[in-house]
Structure formats: C-alpha cells, structure tokens
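Q: pasted the sequence and its predicted model underneath.
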Amino acid sequence: MFYEFVYPLVRYFTPFNVFQYLSFRGAYAALTTLLLCYIFGPKVIEALKRLKVGQVVREELPGHSSKGGTPTMGGIFIIVSIAIAMLLWTDFSNIYIWLILGALIAFGFLGFLDDYLKITKKSSGGLSPSKKLIGQFIISLAIMLILYFTGSSDITDIYVPFFKDPVINLGFLWIPFGVLLIMGSSNAVNFGDGLDGLLAGLLIFAFITLAILAYLSGHAEFSSYLGIPFISGAGEIMIFCLAITGACVGFLWFNSHPAEVFMGDVGSLSLGGVMAVIALMIKKEILIFIIGGVFVMEIVSVIIQVISFKKRGKRVFRKTPIHHHFEELGWAESKIVTRFWILGGLFAIIALSTLKIQ
C-alpha cells in the first residue's frame, strides 16, 4: 500500500524515493510484524484464554502435563501480522507475493481446522492423517500448477549445492517433485513444534537465510557474480521472508519458556509450506534440505521410528520427534532448544557458504 501510493509521489517529495529500496521495505516489514505481534499478542492470548482455546497434551508426554491448557493457535496473529505487513510494504503487481500469501493463508486454514478439532474433541488427534494429507496435497498441487504455467521456461531446472549449473531439468515431473517438497516441509516444520520457543527460533534462522538468497537471486549483478540463477522479481520475496522473521521474533517474546502461547498447526503448517514454496521460486529446492536441516532431522527421526517399529517391533529413539528423545535422556527443555537453535544457525551458515563453493 505504501509502495503503491506513496512512491509515485516522489516527484513532489524526493525523500519518498526510499520506498524503491528493497532493504528499506524489508526492514520495515520485519519491524511491522514484530510490533504487531508484540503489541497485540497479549490481547490475542487473553482472547484465546476466554475462548478456552487450550493446548491438549499428548498422553505419551507426561512431562508436558503442565503445558495443558496453555493457549494455542497463536499462529493466527503471526499470519495476520504478515498479511498486514505485505499490504503495507510490498509491490502487489508481483505474482510471487500473491502466491506466497495465498499459500500462507491456505495452509493456515488447514492448520486452523486441525487445531479446532483438537480443542473441540479434547484430543491431540485433530484432523485424521489422511484428511490432512489430502488438504496439503490439494494446496501444494494448486501452487505448483500456477508456478509451472506462469514461470519461465527454465523453472523446472534443478540446482544442487556446490554445482554451478543446473543438474537436471525435470520438465513436467517438477510438479509432483514440488508437491512432495511442499508437503514434506509443512509436516517437517510441524514436527519441530514441541518445545517452548524451539520452532520460532529455528524459523528465524531459516527465513533470514531465505531472505538473503531471495535478494541475491533477484539482483542481476549479484546473481551473475555468484553464479546462481537470476529470478526476476525475487527481491520482493525477501520482504516476505523478513516479515515472517519479524513475526517469529515477536511471537517468540510470548513463546519463550515458559510459553504463554503456542503456535499450533495454524502456524507451523503454514510457515513450513511457505518455506518450501519460496525455495521453489528462487531455485533452492535442494538447498532447503540444508537450510531446514533441523526440520529434516525431526521428520527423518519419525520416519525411522515408524519403519523400525513396524518391521522389527523395536524403537530406535525413546520418543519422536527427536527433540523428545533428548527429553527422555534427561536434557532440560531450555538446553535442547538452545542446542537445536545452534544447529539451526550452523545449517544456515553452511547453506550460505555454498554460494561461493561451486
């Protein structure tokens, strides 16, 4: 909104020229979401308490019984703050912004249904796994079809870290590949939401990294120098990434231990899905496995546990996702969160280092 209506006035008031800079709009998008979450967070938490929107703790996690009843679905004010920031600071002629915002809202609505059913049923079950997967599949397929038919001819190229040129062009197979990536990312991030502050902190690292990569990919000179594909319009994606970062920082103020509110599936499913959508847009489909390395650990631990138990009748981990395994080993919750944040930061550094190692 500011960009659309204020920037054209630069001919009358030259300081408005600052609105053309992505760095300026990105910084203020982050500040907007942070302040919105910080200012309105207490009001939202109070409203959730009045509505009795409390967390239902899984029976197999007796150590978390004290968290029962803590307001959940805090992801709602993350999504709303991001949407407001996008209205204020982005160029809405950019199709990427519309698509990312649509993905955020669609996955958020699916997560809302899951959280709502958990609360009304007083159960940690929510939507059945099949219904949740069907919903994720429909949203992911719609996104991929739009990207495929509106993108450039080389959008189906796959780039691998440490290799300068595309390794393979998937053609039409890029669509099912992207669908699986979006669904996998959405679920992996969802699995990472289990300890106070854990998910919000990890998402901050991930989206700062994606913001840097989006900015570089949308800059012709930088992308040419680094040998990465130039994506016209990708700079606006950076603003979205920084808005999400600001929202996560603002949310973390209330979600740090002991948490006053939980993100819920409305937040984790949506932010996980958007993370993969952005990676697909800026041609970092493989690099996202490094950027979200901790989330990969979380979902892989669940897969290993399920396969091992079905095939051998034995568990590899004491509990999954893997952060609960460390709880069972006696690690304090704050120590697990801090160490996983450190891992998230290391994965971010490794991902960015691949820009010069190719």
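A: Noted; the coordinates are in hand.

Q: any idea which helix is longest in this protein?
A: Here the longest helix in the chain is taken by residue count, with DSSP state H as the criterion, and it is helix 22-50.

Q: quick check: buried residues in the helix or strand that it is followed by?
A: Sequence order places helix 75-89 as the next helix or strand after helix 22-50, per DSSP states H and E. For helix 75-89, the neighbour count (16 or more other C-beta atoms under 10 Å) marks 75-86, 88-89 as buried. The C-beta positions use only the backbone N, C-alpha and C, and glycine is treated the same way.

Q: before we move on, what about stretch 30-45?
A: Of the residues in stretch 30-45, those buried under the neighbour-count criterion (16+ other C-beta under 10 Å) are Ala30, Leu31, Thr32, Thr33, Leu34, Leu36, Cys37, Tyr38, Gly41, Val44, Ile45.

Q: surely the fifth one meets Phe251?
A: No. Counting by C-beta atoms under 8 Å, Leu34 sits too far from Phe251 to count as a contact (9.2 Å).

Q: just for this structure, where's the confidence low?
A: Per-residue confidence for the chain (pLDDT under 70) gives these ranges: 1-17, 19, 54-68, 122-125, 358.

Q: rerun that using 80 as the cut-off
A: Applying pLDDT under 80 to the chain flags the ranges 1-20, 52-69, 121-126, 153, 164, 357-358.

Q: center of it, which residue is that?
A: Ranked by distance to the mean C-alpha position of the chain (C-alpha atoms, centre = their mean), the top residue is Leu271 at 3.0 Å.

Q: what is the neighbour count of Ser152?
A: Ser152 is surrounded by 10 other residues when neighbours are defined as other C-beta atoms under 10 Å.

Q: on the three-state scheme, it is what?
A: coil (DSSP: H, G, I helix; E, B strand; the rest coil).

Q: quick check: phi and psi on it?
A: Its backbone dihedrals place Ser152 at phi -70, psi 170, with angles given as degrees, to the nearest 10.

Q: could you do Ile168 as well?
A: When read as degrees, to the nearest 10, the backbone of Ile168 gives phi -160, psi 150.

Q: residue contacts, the closest residue to it other than its chain neighbours?
A: Spatially, and ignoring its direct neighbours in sequence, Ile168 is nearest to Ile158 (5.2 Å; C-beta to C-beta, 6 or more residues apart in numbering). Residues near Ile158 by C-beta atoms under 8 Å, 6 or more residues apart in numbering: Pro166, Val167, Ile168, Asn169, Leu170, Trp174, Phe177, Glu285, Ile286.

Q: so Asn169 versus Phe163, what's the distance?
A: Relative to Phe163, Asn169 is positioned 14 Å away (C-beta to C-beta, to the nearest Å).
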